[in-house]
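Asker: A predicted structure for the sequence below; I have some questions about it.
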Amino acid sequence: MSQLKNEKLAIPIVILAGVIWSFGPLVVRNIDNANLFAWQYLFTRGIVIFLLLNLYLFFEEGKEFYKNYLKIGYSGLIGGLGLGCAMISFIWSITNTTAAITLLCLSAMPFVTALLGFLFLKEKITTSVWIAIFVASVGVFIMGLGSFSKGSTIGLLFGLISALGFSIFSVSLRWRKDTPKFTTVAIAGLVCFLFSTIVITQNDLNFLSTSKNESLFALHGTLVCMGLILYSSGSKIIPAAELTLLSLTEVIGGIFWVWIPILGINEVPSNNTIIGGFLIFMSIIYYSLLIKNNKRFIGLT
């Protein structure tokens, strides 16, 4: 995919990335005993993402695509590690709490990214954005109270770590203009593969699960890869915080897919999750209105 330069085209592409990602929780919920095969899941998903990204780069740039790895720099390495951490934390979050809590933790990404963008990219945070960040933080706190009473605090914490990791990745995409974006994503897949390989080897576990589970692992890896290609394509002309905000269709769709009874999961969010999620979404709507009224898109040089 050629580098996008049109804001009107980049925005729907990033939104589509979130829609594709939103099917991830539904895939995970169909995995048999997902909490027992987290490392096998990361092993297979990491391989799939790494291979698909390199295959994509091969068709996009030809056999010289490997030279991207020579230009990746610190921003690419940090971004790849951040995204790899987000992927690892996601599976530990969603297997220790409800999909709604995991996804609503991810909805804090625009605010975490805004803070990181302010610190490292000098992207300004207005008073209105600080208000949105505060309201979202209150929402996360309320969800935390509910998860604590249900013993799923670990899932909440991993969800927040996943949001932080993805925010680091989003900021890294805009750090250096010449950083090969898709190679950064491939490194994230490699991080998952290598880390899970070490854990599986040290604990004398099987590298593969059942054929059904392996198919679902690979399917989720494919969905993640497709979304990341679209997301990275729109990263150049959309500020970091707005980038994560637009991808929050993942949260809305993800909660819906695992709740709708016809798809067989019927996972109903708790009252605390609904209240906390309402505050987070109110802050997101408020934040999106601020973006709509501020057409300044930052191009890093």
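Answerer: Arrived safely.

Asker: Helix or strand: which one has the residue lying closest to L160 once chain neighbours are set aside?
Answerer: Leaving aside its sequence neighbours, L160 sits nearest to C105 (CB to CB, 6 or more residues apart in numbering; 5.1 Å). Every residue, glycine included, has its C-beta placed from N, CA and C. Using DSSP states H and E, C105 sits within helix 99-106.

Asker: Could you list every helix and strand that that helix packs against?
Answerer: The contact analysis (3 or more CB pairs under 8 Å, 6 or more residues apart in numbering; DSSP states H and E) places helix 99-106 against helix 24-29, helix 73-94, helix 127-149, helix 153-173, helix 249-259, helix 271-293.

Asker: got those helices as a markdown table, with mean pLDDT and distance to I237 columns?
Answerer: Output for those, formatted as a markdown table (pLDDT from 0 to 100; distance: least, CB to CB, whole Å):
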| stretch | mean pLDDT | distance to I237 |
| --- | --- | --- |
| helix 24-29 | 92 | 26 |
| helix 73-94 | 91 | 17 |
| helix 127-149 | 73 | 20 |
| helix 153-173 | 88 | 11 |
| helix 249-259 | 82 | 19 |
| helix 271-293 | 74 | 14 |
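
Asker: Quick one: those as a markdown table, columns for mean neighbour count and distance to F111 too.
Answerer: Below are the helices and strands packed on helix 99-106 laid out as a markdown table (neighbours: other CB atoms under 10 Å; distance: least, CB to CB, whole Å):
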| stretch | mean neighbour count | distance to F111 |
| --- | --- | --- |
| helix 24-29 | 22 | 21 |
| helix 73-94 | 23 | 16 |
| helix 127-149 | 18 | 4 |
| helix 153-173 | 24 | 9 |
| helix 249-259 | 21 | 13 |
| helix 271-293 | 17 | 8 |
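
Asker: still on that earlier bit, which strands and helices lie in contact with the helix or strand just after the helix holding C105?
Answerer: Downstream of helix 99-106, the first helix or strand assigned by DSSP H and E is helix 109-120. When contacts are defined as 3+ CB pairs under 8 Å, 6+ apart, helix 109-120 sits against helix 127-149, helix 153-173, helix 240-246, helix 271-293.

Asker: Distance check, the residue positioned nearest the centre of the chain against G62.
Answerer: In the chain, the centroid-proximal residue (CA atoms, centre = their mean) is F166; its distance is 5.1 Å. Using CB to CB, to the nearest Å, one obtains 30 Å as the distance from F166 to G62.
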